[in-house]
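Enquirer: just to be clear, the model below is a prediction. Sequence and coordinates:
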Amino acid sequence: MTDFDFDAYLAIPRLSGLTLSPDGKRLVMSVARPAPDGKKMASALWEVDPSGRRPARRLTRSAPGESAGSFLQDGSLLFTSSRPDPERTGDEKEDEVSSLWLLPADGGEARLLVAPPGGVDAVKAARSADVIAFTAAVHPASEDFAADGEREKARKDAGVQAQLFESFPIRRWDHYLGPRERHLFAAELPASEARIDGPKDLTPEARQGLLETGFDIAPDGATIAIGWERTNDLSSLRTDLVAIDRASGVHRVLTAPDAWYDGVAFSPDGQQLACTRSALGSPEEPTDTTLWLIDLATGEGRDLTPDLDLWPHAPVWSPDGAAIFFIADRHGVSAAYRFELSTGALTLLSSAESFDSLSPSPDGETVYAMAAGPMRPPSIVALDARAAGQAPRPVRSLPELDELELPATAERISTSAGDGATIESWLVLPKDRTGPAPLVVFVHGGPLSSWQGWSWRWNPQLLAARGYAVLLPDPALSTGYGQDFIRRGWGRWGAEPYTDVMAAVDGALERDDLDREHTALMGGSFGGYMANWVAGQTDRFRAIVTHASLWELRGFHGTTDLGPEWEREFGDPYADPSRYEEHSPSRMLASIRTPMLVVHGELDHRVPISEGLRLWTDLQRHGIDSKFLYFPDENHWVLKPQNARIWYATVLAFLDEHVLGKEFARPDLL
């Protein structure tokens, strides 16, 4: 075992939100570290020299922290923060909501631009005009932010928290929606030090249509394109792409009502939009995603990657508009691609690591990105904008990342399923292990996901530091292996996804460096579903950890925040609940023999606490050795540093007890 423990893991700076200045001379990112009290993560903005000649420097400092936003054409930087208004008068306590700030290009003091009482959550700046678009939460029918604040104050003064819902949805992830709605605003930037006065609400009738949708603004600032969720027909949930004229406020739907559109990005000339288009899917055929191009004037769209058997996302234009860069899951990494519009040529730039935040340089020669892998947390790299199959070049950023030493190695392994399909996995092995290592299997969530990159939630390095090997299999339904691989498990969660996991385990345990007698299995969300399903099918594992897990699918449909979404895969449960019932782990309760640790957060609306409570009650009622780790202040994930510390301590103590035969070491403070 090594000295890499939770404190060492927590000290690793968490980089995200990379963006490049218009002149290509400054990379800005958000860096998150534990706050001084250790109770939350706090982020700050840092600047990195793309050439690597200058060391990274911190741009912002405040207790609430800052999130990176968007560069203006003069190199000034927009960001959001809940830091206090420096010009506020009076002693009243301010609500902790994010306002929009501007950091001058010359490095002067940041100044407040606009402070909606409901907070700003995203911002985009036009490339060639002093115009911005941002999203903020407001009460319906509020004429301006002052009226919105008065409405909120009236509710608080009256002690009213009740809401009357009249349409779906009413919850999302960890909170009930309303009474405010997310609206899209646009404004011209004032020429002086003044604040934005009276930004224009472009979506006064948004209701809940803009919940989690992305948007972009044309280079000249005249048009904003935004995704708009349509929930009026619960049997056909989708997101349209809407173009909004900033001057008139006129809306124009650009897409047919037959798919889910996301990742919208304007071309440099403002005439076209790149995005991703996802077919809605049905119980007979799974969803599929492709790269889509839309003519802004006509709304005509076309598929750019019909022959790519992967799912592209996060498209970004080259500066000359000749190409589109994107990323796609591919065999355990999120690979970087270039698509040439004139020829249709597709180039795999790199699959050496998992990339995100692609940021092309103004000269079109380089693409900067964040890169990560099982052996490396996110850091900045550079790619040649045209070369195929390249290794990324590291860009000097934070010394802590350059000096980081981890306790494990990682390698790709594969095995064959019963139907001949190849099942690939990451295998993480402790470096200093003598003799065969006990094995812990992690099953990923999603289920339309895969193990790629670095995880800040379930990190195998912490288990490797304790001597465990960790297997990260990608069973049927995993992305990055083609549409047929997804089709194998579509609506069949208890079939091929399960047998693929077991085939991956069997294949791994043929190795001499793994201990086949000392194994455990863990999973969260869909992975938690699979953990429960495995528990009812076999007692070969010495312990099972099930986090935020699905237990009884018919009840889950009615309590999750987005139940109709699952009808695309399992069908209408009111007409035919058979698939829900057939693939519910709860029906195998009587067969469970394996000790289980149940973990759930009270604020989880994606997999509601009712699933964890029902599972826990059923396990206890049937005399199964089990424990329940409950977080009243967490949602689908465990995000607070000290809660994460408790999570790892409890999970490791549970594994040590049942896999290694040690006495259970109850974590401090529990």
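Expert: Sure, I can see it.
Enquirer: for the one helix or strand residue 334 maps to, packing partners?
Expert: Using DSSP states H and E, residue 334 sits within strand 333-340. Where contact means 3 or more C-beta pairs under 8 Å, 6 or more residues apart in numbering; DSSP states H and E, strand 333-340 is packed against strand 323-330, strand 346-350, strand 354-360, strand 366-373. To be clear about C-beta, it is placed using only N, CA and C from the backbone, and glycine gets the same treatment.
Enquirer: same list, those, but as a markdown table with mean neighbour count and distance to residue 244 please.
Expert: Listed next are the helices and strands packed on strand 333-340 as a markdown table, based on neighbours: other C-beta atoms under 10 Å; distance: least, C-beta to C-beta, whole Å:
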| stretch | mean neighbour count | distance to residue 244 |
| --- | --- | --- |
| strand 323-330 | 24 | 23 |
| strand 346-350 | 19 | 32 |
| strand 354-360 | 23 | 26 |
| strand 366-373 | 23 | 30 |
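Enquirer: quick one: the ones you listed as a markdown table, columns for mean pLDDT too.
Expert: Converted to a markdown table, the helices and strands packed on strand 333-340 look like this (pLDDT from 0 to 100):
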| stretch | mean pLDDT |
| --- | --- |
| strand 323-330 | 98 |
| strand 346-350 | 98 |
| strand 354-360 | 98 |
| strand 366-373 | 97 |
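Enquirer: ok, which of the ones you listed comes nearest residue 578?
Expert: Among those, the nearest to residue 578 by C-beta to C-beta is strand 323-330 (31.1 Å).
Enquirer: where's the helix ranked longest in the chain relative to the chain centroid, distance-wise?
Expert: Counting residues, the longest helix in the chain under DSSP state H turns out to be helix 641-659. Relative to its chain's centre, helix 641-659 lies at 24 Å (C-alpha atoms, centre = their mean, to the nearest Å).
Enquirer: looking only at pLDDT, what's the mean for it?
Expert: With pLDDT averaged residue by residue, helix 641-659 scores 98.
Enquirer: list the buried residues for it?
Expert: 641, 643-659 (16 or more other C-beta atoms under 10 Å).
Enquirer: again, but for stretch 249-268
Expert: For stretch 249-268, a neighbour-count test (16+ other C-beta under 10 Å) marks 254, 255, 259, 260, 261, 262, 263, 264, 265, 266, 267 as buried.
Enquirer: element containing the residue lying closest to the fourth one once chain neighbours are set aside?
Expert: Of all residues beyond its chain neighbours, the one nearest residue 260 is residue 278 (4.2 Å), with distances taken as C-beta to C-beta, 6 or more residues apart in numbering. Assigning secondary structure by DSSP H and E places residue 278 in strand 272-279.
Enquirer: just the CA atoms of that strand, as PDB, please.
Expert: Provided in PDB are the C-alpha atoms of strand 272-279 (Å, rounded to 0.1, in the frame of the first residue of the first chain):
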ATOM      1  CA  GLN A 272     -24.500  28.000 -40.200                       C
ATOM      2  CA  LEU A 273     -25.000  26.100 -37.000                       C
ATOM      3  CA  ALA A 274     -23.300  22.900 -35.900                       C
ATOM      4  CA  CYS A 275     -24.900  20.700 -33.300                       C
ATOM      5  CA  THR A 276     -25.600  17.100 -32.400                       C
ATOM      6  CA  ARG A 277     -28.900  15.400 -33.300                       C
ATOM      7  CA  SER A 278     -30.100  12.400 -31.300                       C
ATOM      8  CA  ALA A 279     -32.900  10.200 -32.500                       C
END
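Enquirer: remind me what it packs against, helices and strands.
Expert: strand 259-266, strand 289-295, strand 312-317.
Enquirer: what stretches of the stretch 301-450 of the chain score poorly on pLDDT?
Expert: Low-confidence segments of the stretch 301-450 of the chain (pLDDT under 70): none present.
Enquirer: pretty sure residue 413 is touching residue 507, no?
Expert: Yes: using C-beta atoms under 8 Å, residue 413 is in contact with residue 507, at 7.0 Å.
Enquirer: tell me which of these two has more neighbours.
Expert: Neighbour count, other C-beta atoms under 10 Å: between residue 413 and residue 507, residue 507 has more, with 19 against 16.
Enquirer: so the more buried one: helix, strand or coil?
Expert: Assigned with DSSP: H, G, I helix; E, B strand; the rest coil, residue 507 falls in the helix class.
Enquirer: now do the one 10 residues further on
Expert: Assigned by three-state DSSP, the conformation of residue 517 is strand.
Enquirer: from residue 654, how far out is it?
Expert: According to C-beta to C-beta, to the nearest Å, residue 517 stands 18 Å off from residue 654.
Enquirer: please report the distance of residue 443 from residue 136.
Expert: Distance of residue 443 to residue 136, computed by C-beta to C-beta: 38 Å.
Enquirer: need phi/psi at the residue nearest to residue 430 when sequence neighbours are not counted.
Expert: With C-beta to C-beta, 6+ apart as the criterion, residue 430 has its nearest non-adjacent residue at 4.3 Å, and that residue is residue 464. According to degrees, to the nearest 10, the main-chain angles of residue 464 amount to phi -60, psi -30.
Enquirer: these two touch, right, residue 464 and residue 426?
Expert: No: in this structure, residue 464 is not within contact of residue 426 by C-beta under 8 Å, at 11.9 Å.
Enquirer: have a look at the two and say which one is more surrounded.
Expert: residue 464 (27 against 23).
Enquirer: run through the residues that contact the more buried one.
Expert: By C-beta atoms under 8 Å, 6 or more residues apart in numbering, the residues touching residue 464 are 407, 408, 428, 429, 430, 431, 470.
Enquirer: of these, grab the buried ones for ChimeraX.
Expert: Filtering the contacts of residue 464 down to the buried ones (16+ other C-beta under 10 Å) takes a single ChimeraX command:
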select :407,408,428,429,430,470
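Enquirer: now, the contacts of residue 464 that are in helices?
Expert: Among the contacts of residue 464, no member lies in helices (by DSSP H).
Enquirer: name the nearest of the contacts of residue 464 relative to residue 10.
Expert: residue 407 (15.1 Å).
Enquirer: in the chain, what spans have low per-residue confidence?
Expert: 1-2, 89-94, 233, 235-236.
Enquirer: just to revisit the earlier point, adding distance to residue 399, write the helices and strands packed on strand 333-340 out as TSV.
Expert: Formatted as TSV, these follow (distance: least, C-beta to C-beta, whole Å):
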stretch	distance to residue 399
strand 323-330	27
strand 346-350	25
strand 354-360	21
strand 366-373	17
